[in-house]
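A.B. asks: I need the structure of the sequence given here:
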Amino acid sequence: MQLFQTPGDTILAKPASSRKAPAKAADGAENFALRSLQEALEKNPRFAASDDELLKFYEQMLLIRRFEEKAGQLYGLGLIGGFCHLYIGQEAVAVGLQSALDESRDSVITGYRDHGHMLAYGIDPKVIMAELTGRGAGISKGKGGSMHMFSVEHKFYGGHGIVGAQVPLGAGLAFAHQYREDGGLCMAYFGDGAANQGQVYEAFNMAALWNLPAIFVVENNGYAMGTAVTRGSAETEFHRRGTAFRIPGMKVNGMDVLEVRAAAEIAVAHVRAGKGPVLMELHTYRYRGHSMSDPAKYRTREEVQEMRENHDPIDAAKAELLKRGVAEERLKEIEKQIRSIVNESADFAENSPEPDMAELYTDVLVESY
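C.D. replies: You can find the predicted model right below:
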């Protein structure tokens, strides 16, 4: 296979004359453009949200922010054990992307920074907080904790602690949608650190080969576990990583919920049309360290402050709502309601009992033996 570049940065794939043309070329697609989705986004870079839609995005992002802040407090009090990876700063990614999905048929899978994705999919904050605190009322019966939440009912398949392992699992979920012909797709999230895992590229190859309905999402927060992307990755433009597999890529500002939603609309339409997988790179930023135990000394306070003050996705949405004429009192009322929901979830978790000892022996095998 010979790759060459044309003006406009459109990458084309041309079969070498001495080799058999690939399947897509046999279908008359010798000139396979990999930048078509990016070009579509650049033409319409922001979703034309109504006031009600933007208010909904604002509410969801604010719920994630306040929930994660409360989780941080409970961790400090010793009510949450083990690791706890907060999503503060990255809210626009999950909200913008998952608002474009169909919760009745589409599945989601992610790594261990997973609370925000569950909240963005409309899952009850109470059962999420109960899971964080290891209570029997938690969504995984208190046995998963912060990193391993799971809900077949809500088509949310984790919460995975092994870096990058969720990507091939996401390809498997996409294959299930294809096999069942249910019209669904799988959105599989992973980070810039996981992007260097070999299993990621095995999954890309299979997804492209089988034309799977998958959207692979790189949440590029710039630092992985604590190493800047420029130090850990030879190719830092992660949306290009699918080029070798003919997977079109998109580069998106993950701090703008309307740009994220616009990109999601394009990606979802591509996949639903049976055109195979898409790779999206969302440039985002976490304000806290990798986990609650990370002091984040690999970056300056000034850098974090600059992102908070000038690029915060919630502040940006709030400013746009005010500009549209939405009353500040209404936004204050939303803030009050969100704080109440989060406080109720914490109270519910603290007052829920721990799992029965018998739960140690359940959910170990798929069937009884």
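A.B. asks: Please count neighbours and contacts with C-alpha atoms only from this point.
C.D. replies: OK.
A.B. asks: What's the local residue count around the spatially closest residue to residue 317 that is not a sequence neighbour?
C.D. replies: Closest residue in space to residue 317, ignoring its immediate chain neighbours: residue 58 at 6.2 Å, by CA to CA, 6 or more residues apart in numbering. Applying the criterion other CA atoms under 10 Å, we find 25 residues in the vicinity of residue 58.
A.B. asks: so residue 58 makes contact with residue 320?
C.D. replies: No: contact between residue 58 and residue 320 fails when scored by CA atoms under 8 Å: they sit 10.2 Å apart.
A.B. asks: domain assignment for the chain?
C.D. replies: Structural domains of the chain, as assigned by automatic domain parsing, span the residue ranges 1-33, 40-353.
A.B. asks: Figure out how far the longest one is from the centre of its chain.
C.D. replies: For domain 40-353, the distance between its averaged C-alpha position and the chain's averaged C-alpha position is 3 Å (CA atoms, centre = their mean, to the nearest Å).
A.B. asks: okay, how far is it across it, tip to tip?
C.D. replies: Across its full length, domain 40-353 reaches 51 Å between end residues, using CA to CA, to the nearest Å.
A.B. asks: out of the domains of the chain, deepest packed?
C.D. replies: domain 40-353 (a mean of 20; mean count of other CA atoms under 10 Å).
A.B. asks: picking that back up, assign the residue nearest to residue 317 to helix, strand or coil.
C.D. replies: Each residue gets one of three states, and residue 58 gets helix by DSSP: H, G, I helix; E, B strand; the rest coil.
A.B. asks: That one and residue 261: what is the separation?
C.D. replies: On the measure of CA to CA, residue 58 and residue 261 end up 13 Å apart.
A.B. asks: Can you tell me the SS state at the residue sitting nearest the centre point of the chain?
C.D. replies: Compute the mean C-alpha point of the chain, and by CA atoms, centre = their mean the closest residue is residue 189, 4.4 Å away. Three-state secondary structure (criterion: three-state DSSP) places residue 189 in strand.
A.B. asks: same deal with residue 318?
C.D. replies: In terms of secondary structure, residue 318 is helix; the call rests on three-state DSSP.
A.B. asks: so who does it touch?
C.D. replies: Contact criterion CA atoms under 8 Å, 6 or more residues apart in numbering gives 58, 331 as the residues in contact with residue 318.
A.B. asks: now residue 220
C.D. replies: With the criterion set at CA under 8 Å, 6+ apart, residue 220 makes contact with 191, 192, 281, 282, 283, 284, 285.
A.B. asks: Tell me how far it lies from residue 282.
C.D. replies: Look at residue 220 and residue 282: by CA to CA, they are 6 Å apart.
A.B. asks: Residue 159 too?
C.D. replies: As for residue 159, its distance to residue 282 is 19 Å (criterion: CA to CA).
A.B. asks: Could you do residue 92 as well?
C.D. replies: Taking CA to CA as the measure, residue 92 and residue 282 are separated by 10 Å.
A.B. asks: just to revisit the earlier point, among the contacts of residue 220, which are in strands?
C.D. replies: When strands are assigned by DSSP state E, the members of the contacts of residue 220 inside them are 191, 281, 282, 283.
A.B. asks: surely residue 296 meets residue 228?
C.D. replies: No: taking CA under 8 Å as the definition, residue 296 is not a contact partner of residue 228, at 11.4 Å.
A.B. asks: Run through the chain and note the low-pLDDT ranges.
C.D. replies: By pLDDT under 70, the weakly predicted segments of the chain are 1-33, 368-369.
A.B. asks: just so I have it, where are all the strands in it?
C.D. replies: According to DSSP E, the strands that the chain contains are 2-6, 10-14, 107-109, 186-191, 214-220, 249-253, 278-283.
A.B. asks: closest to residue 365 out of those?
C.D. replies: Taking CA to CA as the criterion, residue 365 comes closest to strand 107-109 out of the strands of the chain, the separation being 20.6 Å.
A.B. asks: thinking again about what came up before, of all the contacts of residue 220, which comes closest to residue 78?
C.D. replies: Ranking the contacts of residue 220 by separation from residue 78, with CA to CA as the measure, puts residue 285 on top at 26.4 Å.
A.B. asks: got a list of what that closest one touches?
C.D. replies: When contacts are counted by CA under 8 Å, 6+ apart, residue 285 is found next to 89, 90, 220, 221, 222, 255, 307.
A.B. asks: For those residues, work out which two are farthest apart.
C.D. replies: Those two in the contacts of residue 285 that are separated most widely, counting by CA to CA, are 220 and 307, at 14.5 Å.
A.B. asks: List the beta-bridge partners for residue 220.
C.D. replies: residue 283 (DSSP bridges).
A.B. asks: just to revisit the earlier point, quick check: the residue nearest to the centre of the chain touching residue 167?
C.D. replies: Yes: with the criterion set as CA under 8 Å, residue 189 and residue 167 qualify as a contacting pair; they are 7.3 Å apart.
A.B. asks: list residues touching both of these two?
C.D. replies: Common contact partners of residue 189 and residue 167 (CA under 8 Å, 6+ apart): 110, 216.
A.B. asks: quick one on the thing from earlier: make TSV out of the strands of the chain and add distance to residue 241.
C.D. replies: What follows is the strands of the chain, written out as TSV (distance: least, CA to CA, whole Å):
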stretch	distance to residue 241
strand 2-6	14
strand 10-14	13
strand 107-109	20
strand 186-191	13
strand 214-220	10
strand 249-253	8
strand 278-283	8
